[in-house]
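Q: no sequence for this one, just the structure:
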């Protein structure tokens, strides 16, 4: 029985609404959105694992007896709360997907009556395994999107705007036989969008199995985010609860990759410096800046984005293709930045740059771009012939509240990119090509290139609406504050070291 598309939407919307309404009840107890989604994740996983042991699936149990849904759902009061905490602690020690989902898990719902309602009324009543993957997945994505909108949670930094992801996947065109990786997976947006594209078409059973279990890989350094990512994939029908996790909880930059991929799609975190906390002799916490000494890197730097850019190149197979979201400083910064850009232009085919507008990311003050390049074998001549730049920033006004980005806003970029044959392209007012010689002749080989006239500067009658101007000021202030905070913490660390 195939439902109409509208019904899918209403199903997932109804479930999101139901789960969301209950979130508001729990927020009165001081739970954040992130806390709530984590608790949902634990309980959903236990319930789905339980359903798998029953008809029509009748699979062996993956959750050890006494730690399963059946042992939880019959309890209430303090017994429920104590047993739930015990389950979380024990499952966090398990290997594979179980371990990733329950690693360092804690119960944040202090009121046993509210926990009971979540267990019995919301989770136990649905048959989650038989719900269509689109419905389950959309419901979960809906919650993640709402969490990202919650400014206070800071979760927005793990959530790339979905219309942007879809446009990137539309031009990259991953197919079912390819291996795709995201070394900064966040909540799994790129991997999911790639999966949707890869499964469209007629696949034989072997291809389906490869796509489900082997095609996708991700790394995520934050436990809580990795948990949400693993669950998001699982709910969309990717991987299996009993399989090794497709998401590795680790710092992707730590070592040279042993595994290589046909496509890398990623939006690395936007912190300027890599740092870690150390306790000094006085017992105070300091931040130490961290550089990665890797033989496969062209430059050693504590700039996290430059490290990710170099790491992405290392992750690719020869002729593998990448799309990476980078902040403006990666395009113009001197020193290590210039070294990395010159090497990248020479050793890879850096063919397309999409300049993104402000106001589309949940983390404020972000001026970003998408850089597209292919890894190439060693050659005497530089691989980059021409870099095509699409200016989607000048004269564009987006805000999350009043004019959010939608996929149709990127239709012209996708058409200009010409994914069917990117070697046949036509210049337009917004889309221009720059030769390799032009690029390396620029100061510091800067790729920070604009040519369109900013109409709001030329004509005061053409100014954007006040709310756009206000939003831009707020974004710029936020960006400046973030930079000051980074400088202050590194100065503090330097003072402590000097002292």
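A: That came through, no problem. Since the structure is predicted, the reported quantities are computational estimates derived from the model, not experimental observations.
Q: low-confidence ranges in the protein?
A: Residues of the chain that meet the criterion pLDDT under 70 lie in 1-12, 150-158, 271-290, 363-365, 457-465, 467-469, 471-499.
Q: where along it do the strands fall?
A: 180-182, 216-220, 247-249, 261-266, 275-279, 285-289, 316-327, 348-355, 368-375, 386-391, 431-435 (DSSP state E).
Q: now, of these, which is deepest in the fold?
A: Sort these by mean neighbour count, taking mean count of other CB atoms under 10 Å, and strand 180-182 sits at the top with a mean of 28. Placement of C-beta: from N, CA and C, glycine included.
Q: ok, residues contacting it?
A: 174, 188, 190-191, 194, 198, 215-219, 259, 261-266, 315 (CB atoms under 8 Å, 6 or more residues apart in numbering).
Q: that one pairs with which strands, and in what direction?
A: strand 216-220 (parallel), strand 261-266 (parallel) (DSSP bridges).
Q: how much space between residue 448 and residue 361?
A: Applying CB to CB, to the nearest Å, the value for residue 448 to residue 361 is 19 Å.
Q: right, I mislabeled it, should have said residue 107
A: Distance from residue 107 to residue 361, by CB to CB: 32 Å.
Q: show me which of these two is the more surrounded one.
A: residue 361 (26 against 18; other CB atoms under 10 Å).
Q: so what does the more buried one have for phi and psi?
A: With angles defined as degrees, to the nearest 10, residue 361 sits at phi -100, psi 150.
Q: same question, residue 203
A: Dihedral angles (degrees, to the nearest 10) for residue 203: phi -110, psi 140.
Q: so what's it up against?
A: With contact taken as CB under 8 Å, 6+ apart, residue 203 is in contact with 176, 211.
Q: residue 433 against residue 388, yeah?
A: Yes - here residue 433 lies in contact with residue 388, judged by CB atoms under 8 Å, at a distance of 4.9 Å.
Q: quick check: neighbours shared by these two?
A: With CB under 8 Å, 6+ apart, residue 433 and residue 388 have common neighbours residue 425.
Q: what about the closest residue to residue 65 other than its chain neighbours, neighbour count?
A: Of all residues not flanking residue 65 in the chain, residue 71 sits nearest, at 7.7 Å (CB to CB, 6 or more residues apart in numbering). Residues near residue 71, counting by other CB under 10 Å, number 18.
Q: and if you look at residue 381?
A: Neighbours of residue 381 using other CB under 10 Å come to 7.
Q: mind checking how far it is from residue 438?
A: 16 Å.
Q: list the contacts of the residue most central in space within the chain.
A: Nearest to the mean C-alpha position of the chain, counting by CA atoms, centre = their mean, stands residue 186 at 3.5 Å. Residues in contact with residue 186, defined by CB under 8 Å, 6+ apart, are 158, 159, 160, 220, 225, 229, 267.
Q: 10 Å - rerun?
A: Neighbouring residues of residue 186 by CB atoms under 10 Å, 6 or more residues apart in numbering: 144, 148, 155, 157-160, 218, 220, 222, 225-226, 228-229, 232, 266-269.
Q: what do you get for residue 425?
A: Going by CB under 10 Å, 6+ apart, residue 425 touches 351, 352, 386, 388, 416, 417, 418, 431, 433.
Q: my guess is the second one meets residue 423, correct?
A: No - the pair residue 352 / residue 423 is not scored as a contact, 11.6 Å apart, by CB atoms under 10 Å.
Q: between the two, which contacts overlap?
A: Here residue 352 and residue 423 have residue 386 as joint contacts, going by CB under 10 Å, 6+ apart.
Q: next up, the contacts around residue 230.
A: Residues counted as contacts of residue 230 (CB under 10 Å, 6+ apart) are 41, 45, 96-101, 103, 185, 187-188, 218, 220, 238-239, 241, 245-247, 249.
Q: coming back round to it: could you redo the strands of the chain as TSV and give each row distance to residue 80?
A: As requested, the strands of the chain are exported to TSV (distance: least, CB to CB, whole Å):
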stretch	distance to residue 80
strand 180-182	37
strand 216-220	31
strand 247-249	28
strand 261-266	40
strand 275-279	36
strand 285-289	37
strand 316-327	43
strand 348-355	50
strand 368-375	45
strand 386-391	55
strand 431-435	59
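Q: so which of those strands comes closest to residue 404?
A: Of all these, strand 368-375 sits nearest to residue 404, with 16.2 Å by CB to CB.
Q: neighbouring strands for the closest one, and are they parallel or not?
A: In its sheet, and by DSSP bridges, strand 368-375 pairs with strand 316-327 (antiparallel), strand 348-355 (antiparallel).
Q: pipe the ones you listed into JSON lines and attach distance to residue 137 per row.
A: Formatted as JSON lines, the strands paired with strand 368-375 follow (distance: least, CB to CB, whole Å):
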{"stretch": "strand 316-327", "distance to residue 137": "22"}
{"stretch": "strand 348-355", "distance to residue 137": "27"}
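Q: let me know which of these is the nearest to residue 165.
A: Ranking the strands paired with strand 368-375 by proximity to residue 165 (CB to CB) places strand 316-327 first, at 9.6 Å.
Q: centre of the chain to that closest one, how far?
A: 15 Å (CA atoms, centre = their mean, to the nearest Å).
Q: now stretch 175-184
A: Centroid separation for stretch 175-184 versus its chain: 14 Å, with CA atoms, centre = their mean.
Q: oh, and call the first residue 105 from now on, that's how I've got it
A: I'll keep to 105 as the first residue from here, and by that count the last item is stretch 279-288.
Q: just the endpoints, please. Distance across it?
A: 21 Å (CA to CA, to the nearest Å).
Q: likewise stretch 308-327?
A: For stretch 308-327, the first-to-last residue distance is 35 Å (CA to CA).
Q: and for residue 275, the neighbour number?
A: 21.
Q: same check on residue 470?
A: 21.
Q: distance of it relative to residue 541?
A: 32 Å.
Q: ditto for residue 253
A: 45 Å.
Q: these two: who's more crowded?
A: Neighbours per residue (other CB under 10 Å) separate residue 253 from residue 541, with residue 253 holding more: 15 against 9.
Q: which non-adjacent residue is nearest the more buried one?
A: Of all residues not flanking residue 253 in the chain, residue 466 sits nearest, at 6.7 Å (CB to CB, 6+ apart).
Q: isn't the one you found right up against residue 248?
A: No - assessed by CB under 10 Å, residue 466 is found out of contact with residue 248, at 11.0 Å.
Q: so for those two, which sits in the more crowded spot?
A: Legend: neighbour count by other CB under 10 Å for residue 466 and residue 248, higher for residue 248 (24 against 21).
Q: does that one touch residue 328 like I think?
A: No - using CB under 10 Å, residue 248 is not in contact with residue 328; the gap is 11.9 Å.
Q: residue 494 is in contact with residue 461, correct?
A: No - the pair residue 461 / residue 494 is not scored as a contact, 11.5 Å apart, by CB under 10 Å.
Q: which stretches in the stretch 455-603 of the chain count as helices?
A: 515-521, 540-545, 559-562, 570-602 (DSSP state H, counting those that start in this stretch).
Q: ok, now the stretch 255-404 of the chain?
A: Counting by DSSP H, counting those that start in this stretch, the segments of the stretch 255-404 of the chain that form helices are 266-276, 293-302, 309-317, 327-339.
Q: for residue 241, which of these is the nearest?
A: helix 327-339 (4.9 Å).
Q: so which bits of the closest one are buried?
A: By 16 or more other CB atoms under 10 Å, the buried positions in helix 327-339 come out as 328, 329, 330, 331, 332, 333, 334, 335, 336, 337, 338, 339.
Q: how far away from the center of its chain is it?
A: 11 Å.
Q: same check on stretch 359-378?
A: On CA atoms, centre = their mean, the centre of stretch 359-378 falls 11 Å from the chain's centre.
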